[in-house]
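*Asks:* my questions are about this predicted structure, shown below with the sequence.
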Amino acid sequence: MSTLTSGADLMALAMRLYPICRSITGNGLRHTLRMLGQSIPLKLIETPSGTAVFDWEVPPEWNIEGARLIDSSGRTVVDFADHNLHIVNYSEPVSATLSLEDLHGRLHTHKANPDWIPYRTSYYKRNWGFCLRERTARELQPGSYRVEIQSSLQPGSLTYGELLLPGASRDEVLVFTHACHPSLANDNVSGLAVTTALAQWLADRPRRYSWRFVFAPGTIGSLCWLRNNESNLGRISHGLVLGLLGDQAAWTYKKSRRGDADIDAIVPWVIRGLDPASRVIDFEPYGYDERQLCSPGFNLPVGRLNRSINDGYPQYHSSADDLSIICADAMARSLEACKAIVEAIESNRRYINLSPKGEPRLGKRGLYGAMGGNSPADSERAMLWMLNQSDGERSLLAISQRSRMSMPLLDGAAKALEAAGLLEEVVETRLG
Ligand code: ZN
């Protein structure tokens with residue numbers, strides 16, 4: 001098991017993941033999940049090509065060996081070996097000679113930035129094409145071009161990785177991240193690295209909830225997961241889609257479709273506490289796998305945490321989303337934010353004060369500091385808040401928001417008061 005604790009560890013993993021040619025199926029995706037499996041015991045689940053998944057179908061499995069565009073002088077002008085983005089992802093195999101005119105519509109460039117290679121896919125419509133720098137495209141001379149795409153579209157399967165960390169309760173928290181983008185750093189390897197590190201950290205901790213981590217290709221991967229787990233979705237109490245966590249932008253939380261789920265209160269409270277520049281945006285049916293998880297037939301309490309959002313930075317879905325725009329420190333801080341969210345979810349209990357008539361005497365129970373006369377230390381103030389507000393209705397989050405004291409501090413106070421017999425947790429029973 002390779003350990004992922006520091007920003008340097010996260011960056012090292014991102015650098016190992018970056019060169020892999022991922023897609024929504026195929027060996028690049030499997031290789032990625034196996035690499036993550038060196039840090040966490042990830043189970044790989046395969047869903048065969050052709051499987052009906054709600055309104056979709058698992059496509060043939062795509063693999064690629066090489067792809068080149070060669071001019072009439074025999075010079076290779078575009079080579080997949082130079083960059084994974086050079087080929088339209090899911091391009092069918094081609095061996096043909098075409099004129100430059102015939103290549104029209106097959107060559108994709110990034111109009112705003114002539115030195116960037118765009119990221120293009122054609123998963124569900126059989127197609128092929130090259131992505132290249134506008135600068136290169138402008139230099140192409142009229143004439144015939146040889147197209148050699150050594151790819152395969154065969155019956156196979158779609159792979160996703162899953163890790164369940166059982167907790168005291170069968171109620172689950174779902175953490176979901178997409179795993180299908182080739183050689184794109186912020187979107188996608190930063191999210192893979194941070195999510196893997198979070199799972200590794202959480203694996204060694206006591207857990208109230210059961211935590212389920214899913215690493216899946218975008219859209220069709222989450223649909224497969226939903227199909228395979230439809231009968232158990234009632235267990236999901238909270239969920240978070242993670243991704244784009246390595247650039248320098250402040251965090252953005254996107255609310256669930258419900259808008260008033262517990263996660264929609266917890267995450268904003270935590271990230272604004274860590275960075276006041278953090279943003280909260282409303283749900284919209286565009287983005288990552290929250291589109292599926294929050295579709296009306298499921299409507300799961302799942303929000304999304306990013307730094308920059310999808311389509312929210314110039315380098316998005318281009319070769320300029322490379323390792324230079326992510327950094328160890330930003331990923332490390334994102335991991336810390338995720339850990340704080342985990343702790344907030346785990347600690348967001350409701351308690352009832354068992355001695356509510358007047359303040360109970362903390363001193364005789366050894367809960368007050370030895371020194372009198374000074375204003376109470378934070379831990380003591382936290383106990384006073386917990387005792388005063390624990391009416392069985394107010395959550396630790398609500399008490400944190402009212403008292404402006406951190407959830408970890410209140411959690412520590414609650415545990416001390418519970419041990420002294422002054423607070424009792426209100427246990428909510430769920431069916432299913
Ligand atoms: Zn993307």
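*Replies:* All right, it came through fine.

*Asks:* let me see the contact set for residue 308.
*Replies:* 186, 244, 247, 249, 252, 316 (CB atoms under 8 Å, 6 or more residues apart in numbering). (Glycine included, C-beta is placed from N, CA and C.)

*Asks:* burial of the closest residue to the last one other than its chain neighbours, as a residue count?
*Replies:* Looking back up the chat, that one is residue 316. Nearest in space to residue 316, with sequence neighbours left out and distances taken as CB to CB, 6 or more residues apart in numbering, is residue 187 at 6.5 Å. Neighbours of residue 187 under the rule other CB atoms under 10 Å: 29.

*Asks:* which residues touch residue 187?
*Replies:* With contacts defined as CB under 8 Å, 6+ apart, residue 187 is in contact with 181, 243-244, 310, 316-317, 321.

*Asks:* wait, residue 261 sits on residue 303?
*Replies:* Yes - in this structure, residue 261 is within contact of residue 303 by CB atoms under 8 Å, at 7.3 Å.

*Asks:* which one of these two is surrounded by more residues?
*Replies:* Of the pair residue 261 and residue 303, residue 303 is the one with more neighbours under other CB under 10 Å, namely 29 against 21.

*Asks:* who does that one bridge with?
*Replies:* Using DSSP bridges, the beta-bridge partners of residue 303 come out as residue 240.

*Asks:* check it and give its pLDDT.
*Replies:* pLDDT for residue 303: 98.

*Asks:* just the helices in the stretch 101-250 of the chain please.
*Replies:* For the stretch 101-250 of the chain, applying DSSP state H, counting those that start in this stretch gives helices covering 134-138, 191-203, 220-228.

*Asks:* out of the ones you listed, deepest packed?
*Replies:* For those, the largest average neighbour count (mean count of other CB atoms under 10 Å) is found in helix 191-203, namely a mean of 25.

*Asks:* give me the residues contacting it.
*Replies:* With contact meaning CB under 8 Å, 6+ apart, helix 191-203 is reached by 1, 3-5, 9-11, 13-14, 17, 32, 36, 39-40, 163, 165, 175, 177-179, 211, 213, 215, 242-246, 331, 334-335, 338-339, 342.

*Asks:* burial check on the spatially closest residue to residue 71 that is not a sequence neighbour, number of neighbours?
*Replies:* In space, and not counting its chain neighbours, residue 71 is closest to residue 77: 5.3 Å by CB to CB, 6+ apart. Burial of residue 77 is recorded as 17 neighbouring residues (other CB under 10 Å).

*Asks:* now swap in residue 45 and tell me
*Replies:* Residues within reach of residue 45, counting by other CB under 10 Å, total 18.

*Asks:* on that earlier part again, out of the helices of the stretch 101-250 of the chain, which is closest to residue 62?
*Replies:* Closest approach to residue 62 among the helices of the stretch 101-250 of the chain is made by helix 220-228 (12.0 Å; CB to CB).

*Asks:* output the below-cut-off pLDDT ranges for the protein.
*Replies:* Residues of the chain meeting the criterion pLDDT under 70: 369-375, 429-432.

*Asks:* domains in it, by residue range?
*Replies:* Domain ranges of the chain: 7-59+158-347, 61-154, 350-425, per automatic domain parsing.

*Asks:* just those domains: most buried one?
*Replies:* Across the domains of the chain, the average number of neighbours (mean count of other CB under 10 Å) peaks for domain 7-59+158-347, which reaches a mean of 20.

*Asks:* measure that domain end to end?
*Replies:* By CA to CA, to the nearest Å, the extent of domain 7-59+158-347 from end to end equals 26 Å.

*Asks:* what sits up against stretch 66-74?
*Replies:* 76-81, 86-87, 91, 103, 130, 132, 140-141, 143-151.

*Asks:* for the protein, longest helix please?
*Replies:* As assigned by DSSP state H, the longest helix anywhere in the chain is helix 328-347.

*Asks:* next helix or strand past that helix?
*Replies:* Following helix 328-347 in sequence order, the next helix or strand is strand 350-353 (DSSP states H and E).

*Asks:* show me what that next one is packed against.
*Replies:* Packing contacts for strand 350-353, counted by 3 or more CB pairs under 8 Å, 6 or more residues apart in numbering; DSSP states H and E, involve helix 378-389, strand 391-395, helix 407-419, strand 423-425.

*Asks:* switch these over to JSON lines; also include distance to residue 225.
*Replies:* Shown next, in JSON lines, are the helices and strands packed on strand 350-353 (distance: least, CB to CB, whole Å):
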{"stretch": "helix 378-389", "distance to residue 225": "38"}
{"stretch": "strand 391-395", "distance to residue 225": "29"}
{"stretch": "helix 407-419", "distance to residue 225": "30"}
{"stretch": "strand 423-425", "distance to residue 225": "32"}
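
*Asks:* which of those sits closest to residue 28?
*Replies:* Proximity to residue 28, assessed across the helices and strands packed on strand 350-353 by CB to CB, is greatest for helix 407-419 (39.8 Å).

*Asks:* the closest one packs against which elements?
*Replies:* With contacts taken as 3+ CB pairs under 8 Å, 6+ apart, helix 407-419 sits against helix 328-347, strand 350-353, helix 378-389, helix 396-403, strand 423-425.

*Asks:* paired strands for the shortest one, with orientation please.
*Replies:* Strand pairing for strand 423-425, using DSSP bridges, gives strand 350-353 (antiparallel).

*Asks:* residues touching the partner strand, excluding its own?
*Replies:* Here strand 350-353 makes contact (CB under 8 Å, 6+ apart) with 386-388, 390-396, 414, 417-418, 422-426, 428.

*Asks:* right, I'll call it a day here.
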